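Visitor: attaching a predicted model along with its sequence, questions to come.
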Amino acid sequence: MSQALLDHLNPEQQRAVKKTGGPLLVLAGAGSGKTRVLTYKIAYLLEIGQANPYEILAVTFTNKAANEMKHRVETLLQVPVDSLWIGTFHAICARILRIEGKRIGFGSNFTIYDVDDQTRLIQQVMEGLNISTHNLKPRKVQYIISDNKNKMIGPEQYERMAADFTEQNISKIYYEYKKAMQQNAAFDFDDLLLKPLDIFTRYPDILEKYQKKFKHILVDEYQDTNKAQYHLIRQLSASHRNVCVVGDEDQSIYRWRGADIENILSFEKDYPDCEIVRLEQNYRSTQTILDAANALVARNKRRLGKNLWSKKPVGVKITSLYGDDEAHEALQVADIIKRELMSHQYSYNDVAVLYRTNAQSRALEDKLRRVNIPYSIVGGTRFYERKEIKDLLAYFRILVNPKDSIALRRVINFPTRGIGLTSQQTLERHAVTQNINLYQALIEVENIPELSKTRQQRVSDFVNKLEDFRQEVATSPAYQIAVEVVDTFRLKKQYTENMTLEDEGRLENINELLNSIANFTETHPEEPTLDKYLEDIALLTDIDRWDPNYDAVTLMTLHSAKGLEFPVVIIVGLEDGLFPLFRTFNNDDDLEEERRLFYVGMTRAQESLYLLWANQRRRFTAEDSGMSFRNMPSRFLTEIPDQYKEEPIVSRRQPGDRSFPGKEYDKVSTSTAQVAEDSLFKIGDWVKHGSFGKGQILGIETSGAGTKLTILFNQKELKKVIAEYANLQMVQS
DNA sequence: CAGACAAGGCTTTTT
DNA sequence: GCCTTGTCTG
C-alpha cells in the first residue's frame, strides 16, 4: 500500500514524502504539487506506522486547505483521521489556548477581537487617557500596536524605544490596551500567536507536553511565517526535530504583516543537517506563462533561485490591453470573458479577475452586472463585518463572555431600550470606581443611586434576560439559542418595519447568519455550542467563504489568489503607482514584494493570461479623494520579455460603450450639453438604484464631483445622485 | 433620550 | 458611493 501511495508522485516529490526523520525543507515552485506532497506525506507517515494521527501537527494557510487536506488523507487511507491536528496557525493556537486556559487562569471562555473591536477598544483607552483622537487615529494606533506585536515587541520595549511625544503616547495606549484586553478576556489575532509562546516560557511542562505529542510537524507556506510563528514551530519541534516546511521564497507576499522571508531563506542555518528538496516541475501553466513569470521574478535579488519547467504545451502568448479608464477596463474584461467562454468550453468559474486593491472591484462589478456575467467576490467588505451581523454576534459574545465590554457597549442600547448615553456613562463610572467590569455594574444596577428607578428597571430588564440565556449557553445547541436571542431582543424588528431595499438586504444577512449557525450546529454534533461557533467564524479566512463550484467569475485581490488556479486569469490595474504601488518605489524590499505578488498572480493561470492597464483611473487616497490619475503602464509589463507577449492591444473606447462620461475630469470639455450627449444616461431613461428602487432621469448636469443625475424615484421621491457612484442599472420603463 | 440630518474621511494587501 | 461621527430638534 505504501508503495502504491508513492506511485502517484514524481521522484522529487517521493523524496520529500519518504524523508520521515529530521528537518526537511521543500522548495516548491508555483504549481509544483506541494499540497499533494503534504497530503501524501501525512498519509505515508500514518501508513508506515511512523505516527498516529494525534502525533501529527500540520499547519496550512486557510481552514479550507486544512479541511481538504484532511479529507484527502482519509480518502487515500480509507480511515478517518479526526485526531489529526491540522489548521491555520491561528486556529491551532486558539485550540491550545482553550485547552490550557483554565490552568493558566484566564479561563477558556475568551473572545477573539477583530480589527474593528480592537480599534473601538483603543478609542476607549485613548478617551480614558485623555489623548485626542484627532491627530492620532485609533485605527493607526491599532496598526502600530499590531505591527509591534508581529515583531514581538511588547509595551515595555516599545516604551524604551519611543522617540517622540506621539510615540510616548502610543506606548501609554499600548500598556492600557493590553490591560483592557485582559479585563475583557479578549485576544486579538496577534495575541493568539503570542500567548501560547508566553505560556510555553512560563510553564515549561506545558511546552514539553506538546513537544512530546507532536512527533511530526509540517508547515505549508513557510515563506509567509512571521516571527511568532517561527518561534512556535521552532519550540514545538525541538524535541523530535521532525519538521518539514514547504514554501517558495518567490511567493512571499505578507511582509507588511510581519512575515519574514528570512525564515525560509535561513532554514538551512537553523537546521544544518536539513535535507533540501526542490520541486521544479510545474503541472499547472503553459510553458509560455511559466517562462514569462520566471523571467520576471528573476529580477529579484533575495531568492534561493530555481527554474520551473512544464511538460504542458507552449500555449498562447500573454495578451496585454490598455484602455481609457477603469470603466473601459471593465468593459474589456467583460469582452475577454465572453470571448474565452465562446472559443473554449469554459464556464464562468474557470475565470478569475485579480487586482491589487479591493477598491478596484467596484467598476468591475458594475460592468459585469450590466452585461449579466455572474461573479462572486472574495474579501472586500466582509460578511462578518457588516453592522447587522456584528450586532447579532455581539449578543452571542456577551453570553459566552460577559467581560467582553466592546460587545456589551455595542448592544446595550441596540435596539433602543431607553438606556441612553448619560445612563451608560453613569454605569461606566460605577464600574471604574467599584473596580468591576461593565456587565457586573449592570447586574448591581440597584446600587447606583444616580440612576432613577425607571432607568434602573430598564437596565435590569436587559441584564436579566441576558442572565437567563447565560444559563443555557453551555448546554443548548447554538442554533436554538440564536433563534431565541433574535426573538427575545427583537433583532429583526428594526428591519421589518419599513422594509426598504437596504433593510431587505440586512434581513437577508441575518437569515444567512442564522442558516450558517444551523449548519454549524448540524456539522458539529459533538460540540454544537455558541462559543465554538464564535471561534470558528472569527478565524475564517476570506477564501474559506468562497465556493469555487458556484458558476461565476471570481473577483479577488492578488493576495487572496495565493494557492489557487484558473484556466483564464485576468490581471487588471497594471499601472505604475497602483501595481506596483507608489510607496514601494523607493524601497527595494517593498518593490521586490510587489514583483513577487505579480509573480503569484501570473502563475495562477493555467492556459491564458491577460494583463490590463488603464490610462486614467479615479482613486480615493488620504490626500486626494476622488481625483483621477493619469497613469503610466506598470514597469512590470516591460519586465516580461517581448517573446512571450502579443503586441499590446490599444483600444479606444467607442462612444456607445461608455458606462459614464469619460472626459469630465479633463476640465476641457465640461459643458452640460456635451457631457449629457456623451453620457450613457439620457433624460427620460429608466434606472434602478440599490436602495431607492426604480426611477426616471429628469436632469443631467456636471459638477466637480462628476455627473449629477436628477432622478424621480417611485414617482414621488426626487433625488440627486452622482452617476459614477450610484450603482445604477438601466431598466425598461 | 431618540431620530433625523449634515459633514467629513476614505482605500494596500489579511489572520 | 459608503460609513462613522457630530449636532440639532422634539
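Guide: Here it is on my side, so go on.
Visitor: quick one: name the residues of the stretch 351-500 of chain A near DNA strand B.
Guide: Counting by Cβ under 7 Å from any atom of the strand, the stretch 351-500 of chain A comes close to DNA strand B at A:356-359, A:379, A:413, A:416-423, A:455. Yep, even glycine has a C-beta here, placed from its N, CA and C like the rest.
Visitor: those in helices, which ones?
Guide: A:421, A:422, A:423, A:455 (DSSP state H).
Visitor: where does chain A have low pLDDT?
Guide: Scanning chain A with the threshold set as pLDDT under 70 gives A:1, A:381-382, A:498-499, A:501, A:620-629, A:651-685, A:688-693, A:698-733.
Visitor: residue A:592 and residue A:296 touch, don't they?
Guide: No. If you go by Cβ atoms under 8 Å, residue A:592 and residue A:296 don't touch, sitting 11.2 Å apart.
Visitor: buried stuff in the host helix or strand of residue A:166?
Guide: Assigned by DSSP states H and E, residue A:166 falls within helix A:165-183. Residues A:169, A:170, A:171, A:172, A:173, A:174, A:175, A:176, A:177, A:180, A:181 are the ones in helix A:165-183 that count as buried (16 or more other Cβ atoms under 10 Å).
Visitor: tell me which residue is most central in chain A.
Guide: residue A:542 (4.6 Å; Cα atoms, centre = their mean).
Visitor: what's the spacing between that one and residue A:325?
Guide: Distance of residue A:542 to residue A:325, given as Cβ to Cβ, to the nearest Å: 27 Å.
Visitor: then residue A:587?
Guide: 29 Å.
Visitor: ok, now residue A:190?
Guide: Distance from residue A:190 to residue A:325, by Cβ to Cβ: 39 Å.
Visitor: also residue A:639?
Guide: Distance from residue A:639 to residue A:325, by Cβ to Cβ: 24 Å.
Visitor: number of residues surrounding residue A:124?
Guide: Residue A:124 has 18 neighbouring residues, counting by other Cβ atoms under 10 Å.
Visitor: quick check: which element contains it?
Guide: Short version, using DSSP H and E: residue A:124 is in helix A:115-129.
Visitor: so what does that helix touch, helix or strand wise?
Guide: In terms of contacts (3 or more Cβ pairs under 8 Å, 6 or more residues apart in numbering; DSSP states H and E), helix A:115-129 is packed against helix A:138-150, helix A:165-183, strand A:186-188, helix A:405-411.
Visitor: could you export it as CSV, CA atoms only?
Guide: What follows is helix A:115-129, C-alpha atoms only, in CSV (Å, rounded to 0.1, in the frame of the first residue of the first chain):
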residue,chain,number,x,y,z
VAL,A,115,-9.6,44.8,13.9
ASP,A,116,-12.9,46.7,14.4
ASP,A,117,-13.2,45.6,18.0
GLN,A,118,-9.5,46.4,18.6
THR,A,119,-10.0,49.9,17.2
ARG,A,120,-13.0,50.5,19.4
LEU,A,121,-11.2,49.4,22.5
ILE,A,122,-8.2,51.6,21.6
GLN,A,123,-10.5,54.6,21.1
GLN,A,124,-11.9,54.0,24.6
VAL,A,125,-8.5,53.7,26.0
MET,A,126,-7.5,56.9,24.4
GLU,A,127,-10.5,58.7,25.8
GLY,A,128,-9.6,57.3,29.2
LEU,A,129,-6.0,58.6,28.8
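Visitor: tilt between it and helix A:165-183?
Guide: Between the axes of helix A:115-129 and helix A:165-183, defined by axes from the mean of the first three to the mean of the last three Cα atoms, to 10 degrees, the angle is 110 degrees.
Visitor: show me how far helix A:115-129 is from its chain's centre.
Guide: 22 Å (Cα atoms, centre = their mean, to the nearest Å).
Visitor: now do the buried residues in that helix.
Guide: A:117, A:118, A:119, A:120, A:121, A:122, A:123, A:124, A:125, A:126.
Visitor: against residue A:84, how distant is residue A:573?
Guide: 41 Å.
Visitor: now do the strands in the stretch 301-450 of chain A.
Guide: A:309-310, A:319-323, A:351-355, A:375-377 (DSSP state E, counting those that start in this stretch).
Visitor: which residues touch the second one?
Guide: It refers to strand A:319-323. A:329, A:331-332, A:336, A:574, A:608-615, A:633, A:637, A:645-646, A:648-653 (Cβ atoms under 8 Å, 6 or more residues apart in numbering).
Visitor: and the stretch 1-150 of chain A, which of its residues are near DNA strand C?
Guide: Counting by Cβ under 7 Å from any atom of the strand, the residues of the stretch 1-150 of chain A near DNA strand C are residue A:123.
Visitor: most neighbours, which of the ones in helices among the residues of the stretch 351-500 of chain A next to DNA strand B?
Guide: residue A:423 (21 neighbours).
Visitor: mind listing what the closest residue to it other than its chain neighbours touches?
Guide: Sequence neighbours aside, residue A:455 is the residue nearest to residue A:423 in space, at 5.3 Å (criterion: Cβ to Cβ, 6 or more residues apart in numbering). Shown in contact with residue A:455 (Cβ under 8 Å, 6+ apart): A:418, A:419, A:423.
Visitor: how far away is residue A:455 from residue A:448?
Guide: 9 Å.
Visitor: where is the longest helix in chain A?
Guide: For chain A, the helix reaching the highest residue count under DSSP H is reported as helix A:501-523.
Visitor: for whichever helix or strand comes after that one, packing partners?
Guide: Downstream of helix A:501-523, the first helix or strand assigned by DSSP H and E is helix A:530-538. Secondary-structure packing of helix A:530-538 (3+ Cβ pairs under 8 Å, 6+ apart): strand A:111-113, helix A:387-400, helix A:478-488, helix A:501-523.
Visitor: what sits up against whichever helix or strand comes after the third one?
Guide: Taking DSSP H and E as the definition, the helix or strand that follows helix A:478-488 towards the C-terminus is helix A:493-496. Defining contact as Cβ under 8 Å, 6+ apart, one finds that helix A:493-496 is touched by A:388, A:415, A:503, A:504, A:506, A:507, A:510.
Visitor: are any of these buried, and if so which?
Guide: So, by 16+ other Cβ under 10 Å, the buried ones in the contacts of helix A:493-496 are A:388, A:503, A:506, A:507, A:510.
Visitor: how about the nearest residue to the first one, chain neighbours excluded?
Guide: To tie it back to what came earlier, the one meant is residue A:388. residue A:506 (4.4 Å).
Visitor: I figured that neighbour hits residue A:392, correct?
Guide: No. At 10.4 Å, residue A:506 does not count as touching residue A:392 under the criterion of Cβ under 8 Å.
Visitor: quick one: residue A:146 from residue A:226, how far?
Guide: Residue A:146 is 11 Å from residue A:226, by Cβ to Cβ.
Visitor: please apply the same query to residue A:257.
Guide: For residue A:257 relative to residue A:226 (Cβ to Cβ), the value is 7 Å.
Visitor: which one's more surrounded, these two?
Guide: Remark: of residue A:257 and residue A:226, residue A:226 carries more neighbours, 22 against 14, as counted by other Cβ under 10 Å.
Visitor: as a check, name the ranges of all helices in the stretch 501-650 of chain A.
Guide: Ranges of helices in the stretch 501-650 of chain A, per DSSP state H, counting those that start in this stretch, are A:501-523, A:530-538, A:588-602, A:635-639.
Visitor: how many other residues sit next to the residue nearest to residue A:300 when sequence neighbours are not counted?
Guide: In space, and not counting its chain neighbours, residue A:300 is closest to residue A:592: 4.7 Å by Cβ to Cβ, 6+ apart. Counted by other Cβ under 10 Å, the residues lying close to residue A:592 total 22.
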